[in-house]
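Chemist: quick one: sequence plus predicted model below, questions after.
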Amino acid sequence: MKTLSLGDFRRLRRLVYRGATPLLFARWRCAFENGAPEDVLEVLAAYQNEDGGFGHALEANCWNPGSSPYVTSFAIELLDGLPRAFLGQNHPVVQGILNYLGSGAYATEAGWLGMADIPGNNDYSHAPWFHYDPARAPGETDPGRIVRFVLRYGEKSGGLYRKAQAIAEGLPKKRPEQDFSAHNPARATYRLGEPLPTDLADSPGSPLYPRYKALVEAELDGVVDRLRATRALPVPGIDGNEDWSESDSL
């Protein structure tokens, strides 16, 4: 498997230091330079609204500052990357998320509405797939990450916890088998709705790693090749998303 040289790392480090958002910079420091998880959480909290939900372009494809379940689930994903012992049930960010999810905002019987179902999106720059159209049937945010968060931190006697339990019963117990026959590790690493090998096996300790080992290593080799060729940081929501520049939804 390919690795970055020290020179490659130093060049990328300069790019991050010059151009990263405060949140990405804090995550870089935490991942590669012994930075404190507290610094990541402090910056992440700046995206949290008074109602406990998240907005403010935390998901760079939608600049709606208002809270939504989808962007809140995006914040939960970032929290999942922090040491679990560091984040307790009583942390203000955790309590804010639980309050927001329990408020009923954009809630459905089976979960929470998807990002394209937030009317306020149309007042701000957003990707075409997040444009609100009242004539379209509503969708839902993938509940898995939210449900796991609530079951980990929520009060067991509360209605939100019972809702999460009910949803969890209907979730698949195993990940569905993925077809990676069309996966090209040399291309950009992300396409909307398409999982990557590393989404299924994110470390050598993953139980699925032996099955996907060759695909994971090919994906990581492709990442290294692209990092070596990187001369500037991509602009979130623009680079790699050409539809933005051609869309009427801006």
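Modeler: Yep, it's here. Residues are numbered from 1 along each chain as shown.

Chemist: every contact and neighbour count from this point should use C-alpha atoms.
Modeler: OK.

Chemist: report the rounded mean pLDDT for the helix or strand residue 215 falls within.
Modeler: Using DSSP states H and E, residue 215 falls within helix 209-229. The average pLDDT for helix 209-229 rounds to 92.

Chemist: and if you look at stretch 166-176?
Modeler: The predicted model gives stretch 166-176 an average pLDDT of 85.

Chemist: returning to what we had before: for the helix holding residue 215, give me every contacting residue.
Modeler: With contact meaning C-alpha atoms under 8 Å, 6 or more residues apart in numbering, helix 209-229 is reached by 1-4, 8, 12, 185-187, 189, 197-198, 200-203.

Chemist: tell me which of the residues you listed fall in helices.
Modeler: 8, 12, 197-198, 200 (DSSP state H).

Chemist: which of the contacts of helix 209-229 sits closest to residue 175?
Modeler: residue 200 (8.3 Å; C-alpha to C-alpha).

Chemist: go ahead and confirm the closest one touches residue 207.
Modeler: No: because the distance of 9.3 Å does not satisfy C-alpha atoms under 8 Å, residue 200 is recorded as not touching residue 207.

Chemist: farthest pair in the contacts of helix 209-229?
Modeler: Within the contacts of helix 209-229, 8 and 200 form the most distant pair, 27.3 Å apart (C-alpha to C-alpha).

Chemist: between the two, which one's more packed in?
Modeler: More crowded of residue 8 and residue 200, by other C-alpha atoms under 10 Å: residue 200, with 18 against 15.

Chemist: so what's the residue positioned nearest the centre of the chain closest to, chain neighbours aside?
Modeler: Geometric centre of the chain, nearest residue: residue 74, 3.9 Å, by C-alpha atoms, centre = their mean. Using C-alpha to C-alpha, 6 or more residues apart in numbering and skipping residues adjacent in sequence, the residue nearest residue 74 is residue 59, 7.0 Å away.

Chemist: how about that neighbour, phi and psi?
Modeler: When quoted as degrees, to the nearest 10, the phi and psi of residue 59 stand at phi -90, psi 110.

Chemist: about what we covered before: now which of the contacts of helix 209-229 would you call buried?
Modeler: 12, 185, 189, 197-198, 200-201 (16 or more other C-alpha atoms under 10 Å).

Chemist: in JSON lines: those residues, plus pLDDT and distance to residue 29.
Modeler: Shown next, in JSON lines, are the buried ones among the contacts of helix 209-229 (pLDDT from 0 to 100; distance: C-alpha to C-alpha, whole Å):
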{"residue": "12", "pLDDT": "93", "distance to residue 29": "13"}
{"residue": "185", "pLDDT": "85", "distance to residue 29": "26"}
{"residue": "189", "pLDDT": "57", "distance to residue 29": "22"}
{"residue": "197", "pLDDT": "91", "distance to residue 29": "25"}
{"residue": "198", "pLDDT": "90", "distance to residue 29": "22"}
{"residue": "200", "pLDDT": "88", "distance to residue 29": "25"}
{"residue": "201", "pLDDT": "90", "distance to residue 29": "24"}
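
Chemist: and the closest residue in space to residue 48 that isn't next to it in sequence, what does it touch?
Modeler: Excluding its sequence neighbours, the residue lying closest to residue 48 (C-alpha to C-alpha, 6+ apart) is residue 54, at 4.5 Å. Listed by C-alpha under 8 Å, 6+ apart, the contact set of residue 54 reads 47-48, 65-69, 71-72, 75.

Chemist: just to revisit the earlier point, which one of the buried ones among the contacts of helix 209-229 is nearest to residue 118?
Modeler: Among those, and counting by C-alpha to C-alpha, the member closest to residue 118 is residue 189, at 27.5 Å.

Chemist: where exactly do the helices run in the protein?
Modeler: Secondary structure of the chain (DSSP H): helices at 6-19, 22-32, 37-45, 69-80, 92-102, 144-153, 159-170, 197-200, 209-229, 243-246.

Chemist: pLDDT weak spots in this structure?
Modeler: Filtered on pLDDT under 70, the chain yields the residue ranges 188-193, 234-250.
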